[in-house]
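# sequence below, structure please.
(chains A and B)
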Number of protein chains: 2
Amino acid sequence: MMDPTDDRIAHGGALSEAVARHGGSASEWLDLSTGISPFSLPLPELSADCWRRLPEQAEVLRVCELAKRHYGGSVVPVAVPGTQAAIQLLPWLAPSADMAAIVSPTYGEYELSYRRVGKTVKHIETLEAADSTLASTVVLANPNNPDGRETMRDDIFGFARAHRHRLVIVDEAFADLRQDLSMVGAAGTEPNLVVMRSFGKFFGLAGLRLGFVFAEPRLAGILSQRIGPRAVSGPALAIAAHAFSRIDLIGELRGRIDKANTMTRSALSRAGVRIVGEAPLFFYCDVGDGAAVRDAMASRQVLVRAFDHSPSRIRIGLVPDELSAVRLRETLRFAGARVS
Amino acid sequence: MMDPTDDRIAHGGALSEAVARHGGSASEWLDLSTGISPFSLPLPELSADCWRRLPEQAEVLRVCELAKRHYGGSVVPVAVPGTQAAIQLLPWLAPSADMAAIVSPTYGEYELSYRRVGKTVKHIETLEAADSTLASTVVLANPNNPDGRETMRDDIFGFARAHRHRLVIVDEAFADLRQDLSMVGAAGTEPNLVVMRSFGKFFGLAGLRLGFVFAEPRLAGILSQRIGPRAVSGPALAIAAHAFSRIDLIGELRGRIDKANTMTRSALSRAGVRIVGEAPLFFYCDVGDGAAVRDAMASRQVLVRAFDHSPSRIRIGLVPDELSAVRLRETLRFAGARVS
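A predicted model of the protein is given here:
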C-alpha cells in the first residue's frame, strides 16, 4: 500500500498556495496556470429541482445523447464527474493486464492511477513505441498536455487497428477546438479505442466536474458500474444540457478563445518568449529555468505552471483581455531580466 | 464479470419513469418516494470562480474542517461526491477480505458494491449476528433505510471493540436528526469504525452530490486515493461551507422537518395506515400489498416506494405542506379501498 501522503502530484490552479507563499489577495492574481478557458458559458436559470432531487437516470441519458451529438460520437458516452474520475478507473478497463504504456511527458494522473493498483507503467515517446513493450494498454493525451504535441488521427487509427489486443485510451481534454484530431467518432466502433472528453475546459466551468467517456458497450458498462449511479450532479446535468443545445453560445466561446489565443501569443512574442508547443487553450514555452521564472512571475501575482519533468519549460494559459495581456508581457520581461 | 445491464437496482425518486407510465406532468406529481427533505437550504450567492475554477485542495480541507465540527467528528472527514461514491469504494477498505455481512434488509447498493468485485455477501438481521460469520466487514445503516430500525450507540461501540479484526461501516445518511445514535465522534478513534454522512438528505440538496466519510488516517487515505483529486464540485463545496456556518438556517430546517414529520404522521394515521418503522425523514408502512398500493397511488400522481424484499411495505417521505398532507391522506384512502 502506498503512503497516502505520497499520492499527490502538482497541478495547475493552486492559487491558495501561491497566495500563501507570495502574498496578495486571490482577486489580485492573474492565474494562467491551467488550460481552462478564461470564458465561462453564461449559466442558465437552474431549477430548484436540479439542486434538490437526485439526478434521474433518464436525465443522465438525455445529457449523454446530447454529448454524443455535440462531440460527434458514434456511441452514447458514459457521464463521469470530471475526467479525473474516469482516469481513476482506467485500470479496470483491462483488469488482468500488468502494464500500461503512457505517451510522455504528460498529465501525471494517468501514471498514478495505474501505479496505485500495482501496475507497471512504461513511459514512451510516441504511440508507435508501444509496439516494443508488453503493455496491453496505451494512454495518449491528444493534443498532449502540457506540450501541445499532436498525434494525427490516421496514426491513432492505424495503431488501434494493428493492435487489437491493446486498449488505446485517448484523453481529448484539450481537443474541443481541434476536432480534426478527434477520435470520438471511432470510439465504440473501433472496439479497443476509448476516448475521454472534458466538459469544463472549453466551457470554462471546471468546478462543475463533468466529463464523458466514449467506448464500446462492454467497456462502457465496466465504467458505469465502477462509477456507480447518480455520479454526476444535478446542476452539471442541467448546465450541460443547456450548453450542448446552444450552438450560438458555443460559437461565441470559440470566437473569444481564438481572440484570447492571439492576444496571449502576441504577449509572449513581444516578451521574447520562445513557444515550443501549444494547444488552443495554452502555450508551452522554453524559458531556461522554469521554476525560477514561475517564482519571479509569482512575486508579481501572475501564476504559471512549471514542470519537474521539463525544468526549462512553463505552461501559460490564455489571458482573458488586453489588460491581462499587457500584464503578462511585462511580467515575463521582468522575470526574464531577473532570472537571466 | 457481471452483465452491466444487471447492475441496476430500483431507487426512490424515479419520477420520469412514473410520469412515463402513469401520465401527468412532473410538476403535478407529489414525489414521496425518497427520504430527502422537502425543504432545501436557501442557496447562497455562488461566485463565478466556484463554477469556473478547479476546486482547490485548500477549499476542500476547509469544508472538511467545517464538516467535522458540524457532524461532531473527532477526525477530519474525506469529502466524496455523494455517499454513493463512497459506497462504490467500500470493498477497498479491506481489500483482502472475502466476505461482508450487511444488516438487512437495507439500501441495496452496499451489497452490489461488494458483489461487483467478487466478494461474498451475508445478510444478517442484527449487528451481533455478524459474530457467527466469517465476515471481516460489517455494514450497518443507522437509522436503517427503509425500515427506520435503530441500533443503539452502546451496541455499536461494544461490537466494534469486541471485534477489532472486523471493519464496522455505519451509514448515517438519515442520522442528522438523531445525533443520539451517531457514531461520528468515535470514527477514527475506534480504528475499525467508519462512518458515512450524507449532505443532501437533511439539507434537501441531493442533486449536489456530497457526502463525508469519517475514518482513521489509513482508511481515510485509501478512500482519498481511490476517489482521486477534485472529486467534489466547486458549487457543492461553496454551498456546504455556507450551510455548516449557518446555525440559524440549520435550526429552521430542523423545525420545518419536525412539522412536516408531524403532518405526515397525522395523514397516515387518518388514512388508517399502519406505521411499522420510521426515521425523521420517512415512514415505513405495512399496507398489505406494497406494489399494488404504490401503483394505485401513482394513478393519482403520488409516488411512494415499494420493496421486493418486503412486499407488504411502502416507504413514504415527508409532505412539504398541509395541502400535500390532505392529498396524501386521500390518495392513501383511495388506494386502500382499491386494493382491498
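# need the three-state assignment for the closest residue to residue A:105 other than its chain neighbours.
Closest residue to residue A:105 apart from its sequence neighbours, by CB to CB, 6 or more residues apart in numbering or on different chains: residue A:309 at 4.2 Å. From N, CA and C alone the C-beta is placed, and that goes for glycine too. Three-state call for residue A:309 (DSSP: H, G, I helix; E, B strand; the rest coil): coil.
# strands along the stretch 151-300 of chain A, start to end?
A:167-171, A:193-198, A:211-214, A:274-279, A:282-286 (DSSP state E, counting those that start in this stretch).
# so which of these gets nearest residue B:146?
strand A:211-214 (33.0 Å; CB to CB).
# quick check: neighbours of the closest one in the sheet, parallel or antiparallel?
Strand A:211-214 pairs in its sheet with strand A:78-80 (antiparallel), strand A:193-198 (antiparallel), by DSSP bridges.
# I'd like those as CSV, with mean pLDDT appended.
Below are these laid out as CSV (pLDDT from 0 to 100):
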stretch, mean pLDDT
strand A:78-80, 98
strand A:193-198, 98
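# flag every buried residue along the one helix or strand in chain A whose mean pLDDT sits lowest.
In chain A, the helix or strand scored least confidently by mean pLDDT, DSSP states H and E is helix A:15-22, which has a mean of 94. By neighbour count with 16 or more other CB atoms under 10 Å in any protein chain shown, helix A:15-22 contains the buried residues A:15, A:18-19, A:22.
# go back to those and keep what's next to chain B.
The subset of the buried residues of helix A:15-22 within reach of chain B, by CB under 8 Å from any CB of the partner chain, is residue A:15.
# nearest to chain B among the buried residues of helix A:15-22?
Using CB to the nearest CB, residue A:15 is the member of the buried residues of helix A:15-22 that sits closest to chain B, with 6.5 Å.
# mind listing what the closest one touches?
Contact analysis of residue A:15 by CB atoms under 8 Å, 6 or more residues apart in numbering or on different chains lists A:26, A:29, A:31, A:33, A:303, B:53, B:56.
# can I get the buried residues of helix A:15-22 in CSV with distance to residue A:330?
What follows is these, written out as CSV (distance: CB to CB, whole Å):
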residue, distance to residue A:330
A:15, 20
A:18, 18
A:19, 21
A:22, 17
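# max pairwise distance over the buried residues of helix A:15-22: which two?
A:15 and A:22 (10.5 Å).
# in JSON lines: the strands paired with strand A:211-214, plus mean neighbour count.
Shown next, in JSON lines, are these (neighbours: other CB atoms under 10 Å in any protein chain shown):
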{"stretch": "strand A:78-80", "mean neighbour count": "27"}
{"stretch": "strand A:193-198", "mean neighbour count": "26"}
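# what's the closest of those strands to residue B:250?
strand A:78-80 (31.9 Å).
# low-confidence regions, chain A specifically.
Low-confidence segments of chain A (pLDDT under 70): A:1-8.
# ok, the closest residue to residue A:159 other than its chain neighbours - contacts?
In space, and not counting its chain neighbours, residue A:159 is closest to residue A:127: 5.0 Å by CB to CB, 6+ apart. By CB under 8 Å, 6+ apart, the contact set of residue A:127 is A:103, A:138, A:140, A:151, A:155-156, A:159, A:168.
# and for the residue nearest to residue A:136 when sequence neighbours are not counted, the neighbour number?
In space, and not counting its chain neighbours, residue A:136 is closest to residue A:97: 3.7 Å by CB to CB, 6+ apart. Neighbours of residue A:97 under the rule other CB atoms under 10 Å in any protein chain shown: 17.
# against chain B, how distant is residue A:97?
According to CB to the nearest CB, to the nearest Å, residue A:97 and chain B sit 14 Å apart.
# before we move on, what about residue A:116?
In terms of CB to the nearest CB, residue A:116 sits 6 Å off from chain B.
# what number of residues lie near the closest residue to that residue other than its chain neighbours?
Excluding its sequence neighbours, the residue lying closest to residue A:116 (CB to CB, 6+ apart) is residue B:225, at 6.0 Å. Using other CB under 10 Å, the number of residues around residue B:225 comes to 24.
# ok, now residue A:117?
That count, for residue A:117 with other CB under 10 Å as the rule, works out to 15.
# for the one 5 residues further on, same thing?
Other residues within reach of residue A:122 by the criterion other CB under 10 Å amount to 18.
# so what touches the host helix or strand of it?
Taking DSSP states H and E as the definition, residue A:122 sits inside strand A:120-124. Identification of contacts with strand A:120-124 by CB under 8 Å, 6+ apart yields A:98-105, A:111, A:114-115, A:130, A:133, A:135, A:138.
# 6 Å - rerun?
Outside strand A:120-124, the residues within contact range by CB atoms under 6 Å, 6 or more residues apart in numbering or on different chains are A:98-104, A:111, A:114-115, A:130, A:133, A:135.
# the stretch 201-340 of chain A against chain B: which residues are in contact?
A:204-209, A:221, A:225, A:228, A:230, A:233-234 (CB under 6 Å from any CB of the partner chain).
# kindly recompute the last result at 10 Å.
Within the stretch 201-340 of chain A, the positions adjacent to chain B are A:201, A:203-210, A:217-239 by CB under 10 Å from any CB of the partner chain.
# circling back: can you pick out the most distant pair from the contacts of residue A:127?
Maximum distance among the contacts of residue A:127 (CB to CB): 12.0 Å, for A:138 and A:155.
# who has more neighbours, the two?
Ranked by neighbour count (other CB under 10 Å), residue A:138 and residue A:155 place residue A:138 first, with 27 against 15.
# what is in contact with residue A:138 and residue A:155 at once?
Common contact partners of residue A:138 and residue A:155 (CB atoms under 10 Å, 6 or more residues apart in numbering or on different chains): A:127-128.
# what's the domain layout of chain A?
Split into domains by automatic domain parsing, chain A comes to A:4-40+A:249-339, A:53-246.
# so which of these is the most packed in?
Compared across those, domain A:53-246 shows the largest average neighbour count, a mean of 21 (mean count of other CB atoms under 10 Å in any protein chain shown).
# and that one, how far out from the chain middle?
Its chain's average C-alpha position is 10 Å from that of domain A:53-246, according to CA atoms, centre = their mean, to the nearest Å.
# distance between the ends of it?
25 Å (CA to CA, to the nearest Å).
# how close does residue A:320 get to chain B?
11 Å.
# does that residue touch residue A:36 like I think?
No - assessed by CB atoms under 10 Å, residue A:320 is found out of contact with residue A:36, at 11.2 Å.
# you'd agree residue A:177 is up against residue A:254?
Yes - using CB under 10 Å, residue A:177 is in contact with residue A:254, at 6.6 Å.
# can you map out the helices along the stretch 151-300 of chain A?
Using DSSP state H, counting those that start in this stretch, the helices of the stretch 151-300 of chain A run over A:153-162, A:200-203, A:217-227, A:234-245, A:247-270, A:290-298.
# for the residue lying closest to residue A:82 once chain neighbours are set aside, grab phi and psi.
Spatial nearest neighbour of residue A:82, excluding adjacent residues (CB to CB, 6+ apart): residue A:209 at 3.9 Å. Backbone geometry at residue A:209, expressed as degrees, to the nearest 10, gives phi 60, psi 90.
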